[in-house]
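Asks: Fold the following.
(4 chains)
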2 protein chains.
Amino acid sequence: MSGLRARQKADRHRRIIEAAAALFRDTGYEGAKIETIAAQAEVSVGTIYNYYQNKGDILGAIVSMEVNEVLNAGRGVVANPPANVGDALDTLLGIYIEHSLHYLSKEMWRQAMAISTQLPDSPFGQAYTALDRALTEQIRALIARLQTIGLVRRDIDGQALGELVFNNMNMMFIEFVKRDGARIAELRTAIRRQNRILVAAIAV
Amino acid sequence: MSGLRARQKADRHRRIIEAAAALFRDTGYEGAKIETIAAQAEVSVGTIYNYYQNKGDILGAIVSMEVNEVLNAGRGVVANPPANVGDALDTLLGIYIEHSLHYLSKEMWRQAMAISTQLPDSPFGQAYTALDRALTEQIRALIARLQTIGLVRRDIDGQALGELVFNNMNMMFIEFVKRDGARIAELRTAIRRQNRILVAAIAV
DNA sequence: CATAAAAACAGAATTGACTCAATTTTAGAA
DNA sequence: TTCTAAAATTGAGTCAATTCTGTTTTTATG
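Replies: Numbers count the residues shown, from 1 in each chain, chains lettered A, B, ... in the order given. This is a model prediction of the structure:
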């Protein structure tokens, strides 16, 4: 059962994602019609809905790839953090933020975030929540690492702190993608300013 | 020019909002068809679009009423905060959270949040951002008050702290409305735990 | 190789938000 | 009162996502 059918399936998946990614970039998420994606991927409209539950799930597949790359890049920082609490946080969050617009435009992020709250139980909605959790977990891991090294006080509630840092960054990122004029540098500066309060509280 | 026409206009606004609120509650936001809202409000579909740019803006009007009530309730806490930093924050945020499901179901919140990120430049998108800012400002005002009273250190960056507290609560609230099973009590407990870190850092 | 069941496909039909040209209602002047 | 321009209403029509149903392709079996 893993012959021709499976190969064709994988190929169609790839073609749909590629066509969609190109169209989302060029004409925006709203501007990309399913009919056009289908034509470009050389499948029918019905087939697309056989592969993805709805238009949002197609975007979801693209977002997941992006976030997984970010998670991967973050591992390096957790393994080898800068020898200073403020810099360590700034470096990790910086990676998240700087990578974020690599494949996805702000409009695509807006749509992705909107869909993930609108349909939290759709495949993408669940995947998005899982990704958020993975990012939170990575921040928590960094904090644990810093505690081990002796840069962060041992009596700090690492879980709660990780959530606090992630939630704040995420909310700032949401506001960032909502304003087309917003610059990455300003976002990072603002987050650093907020984290300064935390850093003062937790550094040994 | 403020005779019959203005009265009819106000009346139609009211009828549309009332019909929409009832239907959103009963059949959910997606389930409520514009046609049905129009019928219930005894106006035509076209008229609804003369009053509101899109379906989301109707929901937006309802959300704004809700949040403005919350802001109002919050004023009391800022004017007369509990004599303890942790309790003061918990009381204010508690008011926000406890009021939040008064008129709006979780599904309505999900839709409202989704629309505000999806269409940040629509009337509702802008209004929603303004409401967020007003809530942040109120938290900042509480912190300033606590600094005046002498419960919070004067050298704390009140603006950054207000943002941190609001962003964290807001993100937690988003996750809360995404899970139908989530309980308010658990949400408040989780936020209190996160804020404990901040409280330890800023209390005199 | 023939063939029946299962899986996947195609594209026409449906659905519901939103638009727009035609019509009706109101305000205020003569 | 009567008339006219401006404002508002109407509902049929448009558009794009999603669903549905009949057809084709693939697989497994004798």
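
Asks: Which SSE is immediately downstream of the strand or helix carrying A:Arg14?
Replies: Under the criterion DSSP states H and E, the helix or strand holding A:Arg14 is helix A:4-31. Counting by DSSP H and E, the next helix or strand C-terminal to helix A:4-31 is helix A:34-41.

Asks: so for stretch A:161-178, what's the average pLDDT?
Replies: Per-residue confidence for stretch A:161-178 averages out to 98 on the pLDDT scale.

Asks: Using CSV, write down the CA coordinates of that stretch.
Replies: Once non-C-alpha atoms are left out, stretch A:161-178 reads as follows in CSV (Å, rounded to 0.1, in the frame of the first residue of the first chain):
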residue,chain,number,x,y,z
LEU,A,161,8.8,32.9,34.3
GLY,A,162,9.0,31.1,31.0
GLU,A,163,5.3,31.7,30.4
LEU,A,164,5.6,35.3,31.4
VAL,A,165,8.5,35.9,29.0
PHE,A,166,6.8,34.0,26.1
ASN,A,167,3.4,35.6,26.6
ASN,A,168,4.8,39.0,26.7
MET,A,169,6.9,38.5,23.6
ASN,A,170,4.1,36.8,21.7
MET,A,171,1.6,39.7,22.5
MET,A,172,4.2,42.2,21.4
PHE,A,173,4.7,40.2,18.2
ILE,A,174,1.0,40.2,17.5
GLU,A,175,0.9,44.0,17.8
PHE,A,176,4.0,44.1,15.6
VAL,A,177,2.4,42.2,12.7
LYS,A,178,-0.7,44.2,13.1
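
Asks: Off-centre distance for it?
Replies: Stretch A:161-178 sits 12 Å away from the centroid of its parent chain (C-alpha atoms, centre = their mean, to the nearest Å).

Asks: check whether stretch A:177-195 contacts chain B.
Replies: Yes. Using C-beta under 8 Å from any C-beta of the partner chain, stretch A:177-195 comes into contact with chain B via A:Val177, A:Lys178, A:Arg179, A:Ala190, A:Arg193, A:Gln194. No exception for glycine: its C-beta is placed from N, CA and C like everyone else's.

Asks: from the chain's centre, how far out does that stretch sit?
Replies: Here the centre of mass of C-alpha atoms in stretch A:177-195, compared against the chain's by C-alpha atoms, centre = their mean, lies 16 Å away.

Asks: Give me the contact list for that stretch.
Replies: Identification of contacts with stretch A:177-195 by C-beta atoms under 8 Å, 6 or more residues apart in numbering or on different chains yields A:86, A:89-90, A:93-94, A:97-98, A:101, A:106, A:109-110, A:113, A:165, A:168-169, A:172-173, A:175-176, B:117, B:120, B:125, B:129, B:157, B:160-161, B:163-164, B:167.
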